[in-house]
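In: return atomic coordinates for the entry below.
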Amino acid sequence: MRAIRSMIDTGSADFRRHAAHNRELVARFRERQEAARHNRPQRDLDRLERQGKMRPRERIEKLLDPGTPFLELSSLAANMAYDGDAPSASSITGIGVVSGREVVIRADDPTVKGGAWYPLTTKKIVRALDIAMENRLPVVHLCDSAGGFLQLQSQVFPDKYMAGRIFRNQSLLSRQGVKQLALVFGHCTAGGAYIPGLSDYSVIVRGTGAVFLGGPPLVKAATGEEVTVEELGGADMHTSVSGTCDYPAASEDQAIHMGREIVAQWDRAPKWACQRETPEPPLYDPQEIYGIVPDDIKKQFDMREIIARIVDGSRFHEYQPAYGTTLICGYANIWGFKVGILANNGVLFNDSSLKGAHFIELCNQNNTPLVFLQNITGYMIGREYERRGITKDGAKMIMAQSCSRVPKFTVMCNGSFGAGNYGMCGRAFDSRFLFTWPNHQIGVMGGDQAANTLAEVKANQLRRDGADVDAAVLERVWEDTRAAYQEQLSAYYSTSEIWDDGIIDPLDTRNALGIAISASLNAPLGDPGYGVFRF
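Out: Next up is the predicted model:
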């Protein structure tokens with residue numbers, strides 16, 4: 001494969017302005033991420049110290065193999081929810097290496113309301129276990145939770161994708177033969193008791209760890225029985241009487257050491273043989289991505305320039321370069337792994353939709369994972385394009401992508417609007433991992449378009465009612481609509497609701513994809529097959 005020839009003038013005023021804009025966005029993202037990770041009320045930190053407990057990130061650091069990366073997921077989950085009271089949705093999830101094995105790590109954060117599960121906490125945990133199932137990754141649970149946040153229990157408990165889904169996913173992981181280990185550092189209360197109960201292995205810390213369906217206050221209220229934490233669900237009782245837990249530990253350090261020993265006994269399932277070459281860095285400096293991405297969501301840029309700063313050696317074999325030019329398709333390597341890349345260079349027309357569908361089929365035939373780089377305003381609309389069958393051709397791309405058997409990975413590099421989100425493997429389409437850049441916006445349409453649409457609807461309504469079209473009324477409709485849209489379009493709103501697997505610095509894209517692709521190879525390829533393509 002030949003290297004992409006970059007056409008970027010790194011000395012231009014536009015490049016410098018874009019670079020300054022995007023560096024500021026990343027700096028703000030880093031600041032918010034650091035606050036979500038580390039800023040806690042001193043009383044909560046003092047409480048952990050009195051109890052002899054580590055902070056959750058200390059536990060993870062000691063659990064991981066030294067010098068190995070940890071791909072944290074959804075670090076800014078719930079950043080725009082609950083008045084900011086649940087940073088990172090009071091939990092930490094990610095992928096790391098423990099005793100030489102790739103694992104999903106899921107840790108309660110007892111510095112946030114005692115590790116209570118908010119609605120978005122359960123969503124984040126369910127997503128982590130979905131990732132484990134999709135990629136056949138073992139799971140290590142670091143348990144220390146007060147249970148469901150009772151004030152919001154109606155959003156935590158009853159529905160399909162709420163807390164019960166956690167335990168359902170644990171059960172299915174066991175059926176798949178995927179191992180799970182629970183390290184019980186604190187309380188596992190109510191439904192949370194089932195996490196160690198459904199894990200294959202469990203270690204519980206004496207004195208602080210406890211597992212029970214109802215704690216002492218609830219037991220007394222419900223039955224009148226007075227019982228201590230240790231008698232009800234402590235380490236000695238569960239490891240010598242009930243058999244609910246396997247190993248007692250005298251300290252958190254010992255529990256983590258025992259956990260690493262347990263993981264070291266696990267067999268390693270062979271990964272499927274994705275084509276791979278010796279990794280090499282991109283030819284072009286990834287720092288230049290900051291100067292390539294515009295400071296206006298409506299401005300286009302050549303996605304080849306992004307590809308050149310992510311893939312090995314900046315080499316790219318472009319498929320059908322002269323056809324359907326608003327969608328770039330082609331083969332490259334990321335950290336040595338062969339991938340097929342689909343990247344937007346404009347609105348999706350009939351030809352680019354057909355090109356995308358065919359390229360996806362080729363990658364499935366060739367067992368090549370797919371990477372989608374989204375910057376999409378949607379599929380082309382209008383009478384001429386409907387007569388050509390844009391809906392039908394867009395449906396072909398969606399069908400090919402939905403039924404793909406190879407792993408898929410999505411990066412939201414800029415805008416993601418309308419049905420273009422669907423064809424380019426948005427959240428609903430089972431991308432193994434979906435990452436977002438800080439400049440990203442997502443919605444049915446852009447803020448200006450939505451405001452213009454509703455203002456036009458309002459004007460038509462006034463005309464039907466025989467009323468004057470008041471410019472001030474239309475202006476107010478436009479401003480209110482745009483303001484509401486702008487907040488909900490942002491990357492921070494998207495990641496707060498866990499519509500992605502986390503905002504990342506654009507410079508970390510290559511590393512995040514490398515870890516994600518490696519993890520995906522633990523799961524066998526699916527069976528080939530498609531539904532009905534409408535011709």
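In: elements contacting the strand or helix carrying residue 372?
Out: Element membership for residue 372, per DSSP states H and E: strand 370-376. For strand 370-376, the helices and strands in contact under the criterion 3 or more C-beta pairs under 8 Å, 6 or more residues apart in numbering; DSSP states H and E are helix 303-307, strand 337-344, strand 408-417, helix 420-423. Placement of C-beta: from N, CA and C, glycine included.
In: which strand or helix spans the closest residue to residue 163 other than its chain neighbours?
Out: Excluding the flanking residues, the one nearest residue 163 by C-beta to C-beta, 6 or more residues apart in numbering is residue 122, at 4.8 Å. According to DSSP H and E, residue 122 maps onto helix 119-135.
In: please compute how far that helix lies from its chain's middle.
Out: 9 Å (C-alpha atoms, centre = their mean, to the nearest Å).
In: distance between the ends of stretch 95-109?
Out: End-to-end distance for stretch 95-109: 17 Å, by C-alpha to C-alpha, to the nearest Å.
In: that stretch: which residues count as buried?
Out: For stretch 95-109, burial by neighbour count (16 or more other C-beta atoms under 10 Å) applies to 95-99, 101-109.
In: which of those residues lies closest to residue 191?
Out: residue 108 (12.8 Å; C-beta to C-beta).
In: tell me who's in contact with the closest one.
Out: By C-beta atoms under 8 Å, 6 or more residues apart in numbering, residue 108 lies in contact with 56, 90, 91, 115, 142, 143, 144, 145, 186.
In: so, low pLDDT: which residues of the protein?
Out: 445-447, 462, 465, 468-469 (pLDDT under 70).
In: what residue of it is the furthest out?
Out: For the chain, the residue at maximal distance from the C-alpha centroid (C-alpha atoms, centre = their mean) is residue 466, at 50.1 Å.
In: could you count how many residues lie near the residue nearest to residue 163?
Out: Residue 122 is flanked by 25 other residues according to other C-beta atoms under 10 Å.
In: again with the one 10 residues further on
Out: By the criterion of other C-beta under 10 Å, residue 132 has 27 neighbours.
In: my read: it touches residue 176, true?
Out: No: counting by C-beta atoms under 8 Å, residue 132 stays clear of residue 176, with 9.1 Å between them.
In: now do the domain split for the chain, please.
Out: According to automatic domain parsing, the chain is divided into the following domains: 11-40+271-440+490-535, 45-263, 445-489.
In: and residue 5, which of these is closest to it?
Out: domain 11-40+271-440+490-535 (8.4 Å).
In: end to end on that closest one, go ahead and measure it.
Out: 48 Å.
In: again, but for stretch 311-327
Out: Terminal-residue distance, stretch 311-327 (C-alpha to C-alpha): 18 Å.
In: buried residues in it?
Out: 311, 312, 313, 314, 315, 316, 318, 319, 320, 324, 326, 327.
In: what's the neighbour count on the nearest residue to the fourth one once chain neighbours are set aside?
Out: Ranked by C-beta to C-beta, 6+ apart and with sequence neighbours excluded, the top spatial neighbour of residue 314 is residue 283, at 3.7 Å. For residue 283, the neighbour count with other C-beta under 10 Å is 16.
In: residue 283: what secondary structure?
Out: Of the three states, residue 283 takes coil under DSSP: H, G, I helix; E, B strand; the rest coil.
In: got a list of what it touches?
Out: 3, 308, 313, 314, 315.
In: quick one: the third one from residue 4, how far?
Out: Using C-beta to C-beta, to the nearest Å, we find residue 313 at a distance of 10 Å from residue 4.
In: and the longest helix along the chain, what's buried?
Out: Taking DSSP state H as the criterion, the chain has its longest helix at helix 13-38. Neighbour-count burial for helix 13-38 flags 15, 18, 19, 21, 22, 25, 26, 29, 32, 33, 36, 37 (criterion: 16+ other C-beta under 10 Å).
In: tell me which of those is nearest to residue 249?
Out: residue 37 (26.0 Å).
In: against residue 397, how distant is the residue nearest to residue 163?
Out: Residue 122 is 33 Å from residue 397, by C-beta to C-beta.
In: same deal with residue 95?
Out: 29 Å.
In: quick one: contacts of stretch 147-165?
Out: Under C-beta under 8 Å, 6+ apart, the answer for stretch 147-165 is 113, 116-119, 121-123, 126, 187, 189-192.
In: rerun that using 6 Å as the cut-off
Out: 116, 117, 118, 119, 122, 126, 189, 190, 191, 192 (C-beta atoms under 6 Å, 6 or more residues apart in numbering).
In: burial of residue 166, as a residue count?
Out: 24.
In: surely it touches residue 123?
Out: No: using C-beta atoms under 6 Å, residue 166 makes no contact with residue 123, being 10.0 Å away.
In: and which of the contacts of stretch 147-165 is nearest residue 304?
Out: residue 126 (37.0 Å).
In: contacting residues around that closest one?
Out: 165, 166.
In: change it to 7 Å
Out: By C-beta atoms under 7 Å, 6 or more residues apart in numbering, the contact set of residue 126 is 161, 165, 166, 169.
In: in which helix or strand would I find the last one?
Out: Residue 169 belongs to helix 163-176 when elements are defined using DSSP H and E.
In: for the very next helix or strand once past that helix, C-alpha coordinates in PDB please.
Out: Scanning forward in sequence from helix 163-176 by DSSP H and E, the next helix or strand is strand 180-189. Extracted in PDB, the C-alpha atoms of strand 180-189 (Å, rounded to 0.1, in the frame of the first residue of the first chain):
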ATOM      1  CA  GLN A 180     -15.800 -13.600  36.300                       C
ATOM      2  CA  LEU A 181     -14.000 -12.700  39.500                       C
ATOM      3  CA  ALA A 182     -15.500 -10.500  42.300                       C
ATOM      4  CA  LEU A 183     -13.200  -8.700  44.800                       C
ATOM      5  CA  VAL A 184     -15.500  -7.600  47.600                       C
ATOM      6  CA  PHE A 185     -13.900  -4.600  49.300                       C
ATOM      7  CA  GLY A 186     -17.100  -3.100  50.800                       C
ATOM      8  CA  HIS A 187     -20.800  -3.900  51.000                       C
ATOM      9  CA  CYS A 188     -22.700  -5.700  48.300                       C
ATOM     10  CA  THR A 189     -26.300  -4.900  49.200                       C
END
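In: got the CA coordinates for the helix or strand following strand 180-189 in CSV?
Out: Next in sequence after strand 180-189, counting helices and strands by DSSP H and E, comes helix 194-198. Written as CSV, here are the backbone C-alpha positions of helix 194-198 (Å, rounded to 0.1, in the frame of the first residue of the first chain):
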residue,chain,number,x,y,z
TYR,A,194,-25.8,-11.2,43.2
ILE,A,195,-22.6,-9.8,41.6
PRO,A,196,-20.3,-12.0,43.8
GLY,A,197,-23.1,-14.6,43.9
LEU,A,198,-23.0,-14.9,40.1
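In: having no further points to raise, I will conclude here.
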